[in-house]
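1. need coordinates for the below:
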Amino acid sequence: MFSVFGWILFAALSGVWPVVVLAGIGLLAWGVFPVALYEGWADRPRKRPLWAVMGLVLLVVLLRFGGELMLRLFALTWRRWVKSLLELVGIALLTGMGVWTGARLLRQAGQKAARRAAAGIWLLVLVGSALLYGWVRLTFTYWDDRVTVWEGRTVVSEDTGIFEETFYAYAGPFARGREVLFVWKD
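-> You can find the predicted model right below:
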């Protein structure tokens, strides 16, 4: 029998897309948990903002990964700052949806104490994990790149190691080439 850890290890070893799918399912679970379980959006007029936020999340995911697939057709990829911005916006939207729902659950009248406690704990875990993820993402990943000129050609330079820079073809403010032109090591 394959355990959850085994599936995660398999996904991590088999490539990026399975990990992205697992992460997406996990993020959806964080954002949709109180809505599905606690019916925090039971009245119809109040569901419109929820659907709007879910639509924005879907738009960001499609832009990030669907755009990546379209750019691959032309041997391009998103620049680092675009990838990071889209991912952080998606996390912020899902967290905002969860916080909004959790706050509604805490304010609803006539709830049992256990249900309020579960909503409060869920809200703290959600905000804490989102802040921790954002801090780790901004601290330990490089999401900057530099546009420079190398041998008379405009290139995008990315830090890829401690004393290593990789140069790619410049393809505009949002995209860069996928092919490595030069790697500088010290």
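2. could you list the low-confidence segments of this protein?
-> When residues are selected by pLDDT under 70, those of the chain lie in 1-47, 109, 140-143.
3. can I see the domain layout of it?
-> Structural domains annotated on the chain: 4-140, 146-185, as defined by automatic domain parsing.
4. can you get me the start-to-end distance on the last one?
-> This points to domain 146-185. Domain 146-185 has an end-to-end distance of 16 Å (Cα to Cα, to the nearest Å).
5. for that domain, buried residues please.
-> 155-158, 165-171, 175-177, 181 (16 or more other Cβ atoms under 10 Å). C-beta here means a position set from N, CA and C on the backbone, and glycine is covered the same way.
6. quick check: buried residues in stretch 78-91?
-> Going by neighbour count (16+ other Cβ under 10 Å), the buried part of stretch 78-91 is 78-80, 82-84, 86-91.
7. err, stretch 50-61, not the other one
-> 50, 53-54, 56-57, 60-61.
8. can you give me the strands for this structure?
-> Using DSSP state E, the strands of the chain run over 76-78, 146-150, 153-161, 164-170, 175-185.
9. centre of the chain to the longest one, how far?
-> Put plainly, it is strand 175-185. Centroid separation for strand 175-185 versus its chain: 24 Å, with Cα atoms, centre = their mean, to the nearest Å.
10. could you do the fourth one as well?
-> How far strand 164-170 lies from its chain's middle: 24 Å, per Cα atoms, centre = their mean.
11. returning to that earlier point: for A130, which of the strands of the chain is the nearest?
-> With Cβ to Cβ as the criterion, A130 lies closest to strand 76-78 of those, at 22.3 Å.
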